[in-house]
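Asker: below are the sequence and a predicted model; questions follow.
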Amino acid sequence: MGELLSGRTAVVTGAARGLGFAMARGFLQQGARVFLADLDKDAVDAAVEQLAGQGLTAAVATACDVTDELSVAALAEQAAREGLSVWVNNAGILRNGEMATMPLAGFRALIDVHVQGSWLGCKYAGIHIGPGGGSIVNISSIGGKAGLAGQTNYSTAKAAILGLTKAAAKELAPRDIRVNTILPGIMRTAMAEQLAPEDLAARLTDVPLGRIGEPHEIADAAVFLASDMSTFVTGAALEVSGGRFM
Ligand SMILES: NC(=O)c1ccc[n+]([C@@H]2O[C@H](COP(=O)([O-])OP(=O)(O)OC[C@H]3O[C@@H](n4cnc5c(N)ncnc54)[C@H](O)[C@@H]3O)[C@@H](O)[C@H]2O)c1
């Protein structure tokens with residue numbers, strides 16, 4: 001427990017589980033009030049209940065589809081009533097496959113959730129973060145830097161988030177809103193569990209630190225970028241990957 005985010009209000013999208021849930025918990029442990037937003041309302045209600053069971057009661061569950069502009073705008077308005085200053089664009093999906101057999105819909109779905117979703121998050125966080133400034137954290141991936149076979153849709157989307165981060169950082173800097181991105185490596189979540197075990201083992205041979213990452217290690221980086229520990233950091237891409245594809 002700490003006070004790095006005490007008095008702050010944060011939104012984390014895709015927070016029902018995985019990295020989003022870990023970041024929401026990390027923010028709560030640092031004293032923030034956190035809106036956990038997710039497409040899956042039942043799952044995010046259960047997540048908030050789980051946090052309350054751990055004594056982290058300043059959490060609010062909200063249904064939100066990050067591909068839907070009205071839904072993102074409503075989430076930002078709701079959080080702004082509590083003095084919004086931190087926003088994490090984390091919601092994500094995977095639809096792996098070879099390009100030759102990937103339907104266009106499998107490409108578009110990734111662009112809709114990761115790129116359009118993050119852009120909408122930056123847009124409405126930018127509009128609703130108050131005059132005191134704040135911090136937006138976009139979740140990209142090491143796959144957006146290196147490119148991964150079988151993930152042309154995902155690598156395209158995650159690379160776009162790097163460009164979005166830098167452009168938004170320049171646009172929002174005059175209002176003291178910092179925008180940064182985290183590039184996670186292979187982390188222990190349901191998304192990584194979609195990989196075949198032999199595929200996961202092969203990927204881990206590329207990791208200099210020699211192991212899968214734990215969700216709290218992304219949360220620690222997000223707390224740094226969300227808090228006053230990083231007041232001179234904007235437009236940065238922080239790799240939290242055990243050194244994979246450095
Ligand atoms: N897990 C990894 O190894 C890894 C590595 C690099 C990057 N990432 C990125 O981190 C983020 C989180 O990954 P994770 O492993 O925790 O994923 P996850 O699948 O465990 O959780 C993703 C959450 O996003 C929600 N979501 C999906 N579509 C949504 C939408 N349209 N609107 C709102 N919520 C939606 C899901 O319901 C789910 O709760 C993603 O952006 C992912 O690409 C993950």
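Answerer: Okay, I see it. Numbers count the residues shown, from 1 in each chain.

Asker: OK, contacts around Ile186?
Answerer: Residues in contact with Ile186, defined by Cβ atoms under 8 Å, 6 or more residues apart in numbering, are 192, 200, 203-204, 207, 212-213, 241-242, 244. Quick note: C-beta positions are derived from backbone N, CA and C, even for glycine.

Asker: what's the next secondary structure element after the longest helix along the chain?
Answerer: Secondary structure assigned by DSSP state H gives helix 152-172 as the longest helix of the chain. Moving toward the C-terminus from helix 152-172, the next helix or strand (DSSP states H and E) is strand 177-184.

Asker: is the ligand contacted by the following helix or strand past that following strand?
Answerer: Downstream of strand 177-184, the first helix or strand assigned by DSSP H and E is helix 190-193. Yes. Counting by Cβ under 6 Å from any ligand atom, the ligand is contacted by helix 190-193 at 190-192.

Asker: would you reformat those as TSV and include distance to Tyr154, pLDDT and neighbour count?
Answerer: As requested, these are exported to TSV (distance: Cβ to Cβ, whole Å; pLDDT from 0 to 100; neighbours: other Cβ atoms under 10 Å):
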residue	distance to Tyr154	pLDDT	neighbour count
Ala190	15	88	9
Met191	10	75	17
Ala192	13	80	18
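
Asker: quick check, nearest of these to the ligand?
Answerer: Taking Cβ to the nearest ligand atom as the measure, Met191 is the one of the residues of helix 190-193 next to the ligand closest to the ligand, at 3.1 Å.

Asker: residues contacting Ile177?
Answerer: Counted by Cβ under 8 Å, 6+ apart, Ile177 has contacts 125-126, 129, 133-136.

Asker: could you rerun that using 6 Å?
Answerer: 129, 133-134 (Cβ atoms under 6 Å, 6 or more residues apart in numbering).

Asker: so which of the residues you listed are in strands?
Answerer: Gly134 (DSSP state E).

Asker: least confident secondary structure element in the chain?
Answerer: helix 190-193 (a mean of 81; mean pLDDT, DSSP states H and E).

Asker: how about that one as CSV, C-alpha atoms only?
Answerer: Output in CSV follows, covering the C-alpha atoms of helix 190-193 (Å, rounded to 0.1, in the frame of the first residue of the first chain):
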residue,chain,number,x,y,z
ALA,A,190,-5.8,-15.6,-20.2
MET,A,191,-4.5,-14.0,-23.4
ALA,A,192,-1.1,-15.8,-23.1
GLU,A,193,-2.9,-19.0,-22.1
